[in-house]
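*Asks:* What would the 3D arrangement of this be:
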Amino acid sequence: MTANAKGNSSKQADFTRIVKKAYDKGVNENGMTLEKIMEELKADLKNMMIS
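*Replies:* Numbers count the residues shown, from 1 in each chain. Reported below is the predicted structural model:
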């Protein structure tokens with residue numbers, strides 16, 4: 001596997017983890033609004049892109 005393929009695989013795993021975290025928060029936390037979930041999701045995705 002090339003270094004580029006490993007990097008893409010890692011980013012895909014990070015993306016999946018971030019989306020699952022947002023979903024779990026939305027399902028399990030009372031008072032969680034779509035706006036709050038979207039704000040956290042955007043912040044997490046921006047941090048993923050910087051890394």
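*Asks:* make it CA atoms for all contacts and neighbour counts henceforth
*Replies:* Fine.
*Asks:* which stretch of helix or strand covers residue 32?
*Replies:* Residue 32 belongs to no helix or strand when assigned by DSSP states H and E.
*Asks:* Pull up the per-residue confidence for it.
*Replies:* Residue 32 is assigned a pLDDT of 90 by the prediction.
*Asks:* OK, contacts around it?
*Replies:* Residue 32 makes contact with 25-26, according to CA atoms under 8 Å, 6 or more residues apart in numbering.
*Asks:* For the biggest helix by length in the chain, what is the distance to the chain centroid?
*Replies:* Longest helix in the chain, counting residues (DSSP state H): helix 3-28. Distance of helix 3-28 from the chain centroid (CA atoms, centre = their mean, to the nearest Å) equals 5 Å.
*Asks:* angle of the helix or strand just after it against helix 3-28?
*Replies:* The helix or strand immediately downstream of helix 3-28 is helix 34-50, counting by DSSP H and E. Relative orientation of helix 34-50 versus helix 3-28 (axes from the mean of the first three to the mean of the last three CA atoms, to 10 degrees): 160 degrees.
*Asks:* Can you name every helix or strand that the longest helix of the chain contacts?
*Replies:* On a contact count with 3 or more CA pairs under 8 Å, 6 or more residues apart in numbering; DSSP states H and E, helix 3-28 meets helix 34-50.
*Asks:* buried set for the helix it packs on?
*Replies:* 37, 41, 44 (16 or more other CA atoms under 10 Å).
*Asks:* Residues touching that helix, excluding its own?
*Replies:* With CA under 8 Å, 6+ apart as the test, helix 34-50 has contacts from 11, 14-15, 18-19, 22, 25-26.
*Asks:* List the buried residues for the longest helix of the chain?
*Replies:* For helix 3-28, the neighbour count (16+ other CA under 10 Å) marks 15, 18, 22, 26 as buried.
*Asks:* Take those and lay them out in TSV including pLDDT.
*Replies:* As requested, the buried residues of helix 3-28 are exported to TSV (pLDDT from 0 to 100):
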residue	pLDDT
15	91
18	92
22	92
26	90
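*Asks:* could these go into TSV alongside distance to residue 50?
*Replies:* Formatted as TSV, the buried residues of helix 3-28 follow (distance: CA to CA, whole Å):
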residue	distance to residue 50
15	13
18	14
22	19
26	25
